[in-house]
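Visitor: Quick one, structure for this:
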Amino acid sequence: MTRDHFDELLGKVGPLITRADTGMRLAIGPAERLAICLRYLATGDSYRTIAFSYRVGRSTVSGIIWEVARAIWTALIEETMPVPTTEDWREIAAVFQERWQFPNCIGAIDGKHVVLQSPANSGSLFFNYKSTYSLVLLAVVDANYLFRVVDVGGYGRSSDSGTLRNSAFGEGLRDGTLGIPVDAIITGAEERGPLPFVFVGDEAFPLTTNLLRPFPGRQVPLQRRVYNYRLSRARLVVECAFGILSARWRMYRRVIATSPEVAEACVKATCVLHNFLRIKSLEKERRRGTQREPEDLDDPDSAPPVAPVDLGPPESLRNAPRLGSNNASRRAIELRETFCSYFNEEGTVYWCATESDCSALLRLASWLGPGCWRPGPGWLAGLDRPGRDRAAGGGYRAAASGGDLAAAGGWGQAAAGGWDLGDCDLAGWDLGDCDLAGWDLGDCDLGDCDLAGWDLAGWELAG
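Guide: Residues are numbered from 1 along each chain as shown. Next up is the predicted model:
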């Protein structure tokens, strides 16, 4: 947070936290009160440590954090996290299609356990499956890593599905009161008819007509694996948002030694502060020309591939027959199969255009482990797509001009724990002229690799 951002935040929150001087003492100013609260949120330090740093009493710090956290939520909620309208959902879907190639997606949903010190007389309400005490942050995130809906305060013992069911958002999703747009036709897949706008989640969530989850199991057919891969690409935005949140506000990396009420206020404050800073970052990127301006969405050449069709009440409001008390509706099952077929036919992406490409891609994803494989839309920039030559490991032949894989964002995971490429047969890969500056291969185990036929011209392998 820069000085300008702090001053702007103080201008919004200051009137809510200002206290009058009295004949007995001078009040602590709003700037110092805000700094004390931000210090706690950003570090998670104990009240005693912060009290020594600012030369105030420990009970004073306790009261300031509780008061200012609530004031931050009140001051920023309408600006940074307004209730999404129908048009807002459409804009979110357009960005998801552009950045993550997932049509009619209006958000990724997941839950995060915020670790607490065991509350007094709480029994097992806050005790979770990780054998810690926590409250649950349930969030819906858009394609720009902004929190659009949050529900804080669920008991740690509850699953993500149970937290969703008991939340106001879950009730609105069931009742059809969220303002979700009516079903829309996906451009290029008109014969499939109108499809509903959906949220994407992991296996912990139920399958409904407005909430998609992966196919269960490990040994699933290739087409379903492709669907799982495409859904995971879109769903990872919520995981990344949680990662950004905990990296910026380090209280999430400690055990919060406060009451659940204070912890809930702090979590809500960090969510709107995350959006506040993220919006500033997006505005800065737009000024630099690194991101599409919002008005570009009105350009016919860059219009989102959805065409709204008014068919009366959306499917989520119609009665659907049930297969059983704990099973998804037939409509939801058919909808997931429709998306599965779309991703394997009309919605195929160029890096997974054939069965052999998909097999190699999914095999590589399994090598890297869960959560490591996240190619962006430009990860094959600079590669010779028409003349690509799939090698034994599923690679591509680089164009004569060379492909800067590090800059394209397709890799760069070597430094994170070290890749073990032992026993991989990479014979036939032609990576000539590739600029691998920035790759950290110090921890890679290249034992038993067959490197015959590699063209290493232009490689920078320092270290």
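Visitor: element containing Gly154?
Guide: Assigned by DSSP states H and E, Gly154 belongs to strand 147-155.
Visitor: how about that strand as PDB, C-alpha atoms only?
Guide: Coordinates of each C-alpha in strand 147-155 appear next as PDB, following Å, rounded to 0.1, in the frame of the first residue of the first chain:
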ATOM      1  CA  PHE A 147     -14.000 -10.800  -4.500                       C
ATOM      2  CA  ARG A 148     -17.600 -10.400  -5.700                       C
ATOM      3  CA  VAL A 149     -19.400 -12.200  -2.900                       C
ATOM      4  CA  VAL A 150     -18.100 -13.200   0.500                       C
ATOM      5  CA  ASP A 151     -19.700 -15.000   3.400                       C
ATOM      6  CA  VAL A 152     -17.700 -15.000   6.700                       C
ATOM      7  CA  GLY A 153     -18.400 -16.700   9.900                       C
ATOM      8  CA  GLY A 154     -19.200 -20.300   9.000                       C
ATOM      9  CA  TYR A 155     -18.200 -22.800  11.600                       C
END
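Visitor: Renumber starting at 5 from here on
Guide: Okay, using 5 as the starting number, the last item reads as strand 151-159.
Visitor: so what secondary structure elements neighbour the next helix or strand after it?
Guide: Downstream of strand 151-159, the first helix or strand assigned by DSSP H and E is helix 164-170. Here helix 164-170 touches strand 109-120, strand 137-145, strand 151-159, helix 172-179, going by 3 or more CB pairs under 8 Å, 6 or more residues apart in numbering; DSSP states H and E. (C-beta placed from N, C-alpha, C; glycine too.)
Visitor: Please work out which residues outside helix 164-170 touch it.
Guide: 113-115, 140, 142, 155, 158, 162, 174, 177, 205-206, 208-210 (CB atoms under 8 Å, 6 or more residues apart in numbering).
Visitor: Considering the residues you listed, which possesses the most neighbours?
Guide: Tallying neighbours with other CB atoms under 10 Å puts Val140 at the head of the contacts of helix 164-170, with 27 neighbours.
Visitor: how about the residue lying closest to that residue once chain neighbours are set aside, what does it touch?
Guide: Sequence neighbours aside, Gly158 is the residue nearest to Val140 in space, at 3.5 Å (criterion: CB to CB, 6 or more residues apart in numbering). With CB under 8 Å, 6+ apart as the criterion, the residues that contact Gly158 are Gly115, Leu139, Val140, Leu142, Gly166, Thr167, Asn170, Ser171.
Visitor: now do Ala31
Guide: By CB under 8 Å, 6+ apart, the neighbours of Ala31 are Thr22, Arg23, Ala24, Asp25.
Visitor: host element of the last one?
Guide: When elements are assigned from DSSP H and E, Asp25 belongs to no helix and no strand.
Visitor: measure it to Arg59 for me?
Guide: Distance, Asp25 to Arg59, using CB to CB, to the nearest Å: 18 Å.
Visitor: what does the first one give?
Guide: Distance check for Thr22 against Arg59: by CB to CB, it reads 20 Å.
Visitor: Which one's more surrounded, the two?
Guide: The neighbour count for Thr22 versus Arg59, taken as other CB under 10 Å, is higher for Thr22 (12 against 6).
Visitor: Excluding sequence neighbours, find me the nearest residue to that one.
Guide: Pro34 (4.8 Å).
Visitor: Report how many residues lie close to that neighbour.
Guide: That count, for Pro34 with other CB under 10 Å as the rule, works out to 19.
Visitor: Could you identify the longest helix within the chain?
Guide: Using DSSP state H to define each element, the chain has its longest helix at helix 264-292.
Visitor: Averaged pLDDT, that one. What do you get?
Guide: Average pLDDT, helix 264-292: 93.
Visitor: low-scoring stretches of the stretch 105-254 of the chain, by residue?
Guide: Nowhere does the stretch 105-254 of the chain drop to pLDDT under 70.
Visitor: please redo it, this time with the cut-off set to 90
Guide: Low-confidence segments of the stretch 105-254 of the chain (pLDDT under 90): 105, 123-128, 157-158, 162-166, 170, 179-181, 188-197, 208, 220-227.
Visitor: same check, this time on the stretch 305-454 of the chain
Guide: Residues of the stretch 305-454 of the chain that meet the cut-off, pLDDT under 90, sit at 305-336, 345-454.
Visitor: CSV please, covering the helices and strands packed on helix 164-170 and showing distance to Arg254.
Guide: Shown next, in CSV, are those (distance: least, CB to CB, whole Å):
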stretch, distance to Arg254
strand 109-120, 13
strand 137-145, 16
strand 151-159, 18
helix 172-179, 27
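Visitor: before we move on, which element is the residue nearest to Asp146 when sequence neighbours are not counted in?
Guide: Leaving aside its sequence neighbours, Asp146 sits nearest to Ile96 (CB to CB, 6+ apart; 4.6 Å). If you go by DSSP H and E, Ile96 is part of helix 90-104.
Visitor: who does that helix touch, helix- and strand-wise?
Guide: strand 109-120, helix 226-252, strand 310-312.
Visitor: Figure out which of these is closest to Glu268.
Guide: strand 109-120 (8.8 Å; CB to CB).
Visitor: coming back round to it: of all the contacts of Ala31, which two lie farthest apart?
Guide: Pairwise distances across the contacts of Ala31 peak at 10.4 Å for Thr22 and Asp25 (criterion: CB to CB).
Visitor: Tell me how this protein divides into domains.
Guide: Per automatic domain parsing, the structural domains of the chain span 7-84, 90-312, 357-467.
Visitor: picking that back up, was I right about the residue nearest to Thr22 contacting Gly18?
Guide: Yes: if you go by CB atoms under 8 Å, Pro34 and Gly18 touch, sitting 4.1 Å apart.
Visitor: ok, the residue nearest to Asp146 to Glu102 distance?
Guide: 11 Å.
Visitor: repeat for Ile32
Guide: Taken as CB to CB, the span from Ile32 to Glu102 is 47 Å.
Visitor: Identify the residue spatially nearest to Ser263, adjacent ones excluded.
Guide: Closest residue to Ser263 apart from its sequence neighbours, by CB to CB, 6+ apart: Pro123 at 6.7 Å.
Visitor: In contact with the residue nearest to Asp146, which residues are there?
Guide: Counting by CB under 8 Å, 6+ apart, Ile96 touches Pro88, Cys109, Ile110, Gly111, Asp146, Ala147, Arg152.
Visitor: Can you flag the buried ones in those residues?
Guide: Pro88, Cys109, Ile110, Gly111, Asp146, Ala147, Arg152 (16 or more other CB atoms under 10 Å).
Visitor: Enumerate every residue touching the first one.
Guide: Contacts here follow CB under 8 Å, 6+ apart; on that basis Pro88 touches Ile96, Arg152, Val153, Leu182, Gly183.
Visitor: Closest to Glu243 out of those?
Guide: Using CB to CB, the contacts of Pro88 come closest to Glu243 at Arg152, 15.5 Å.
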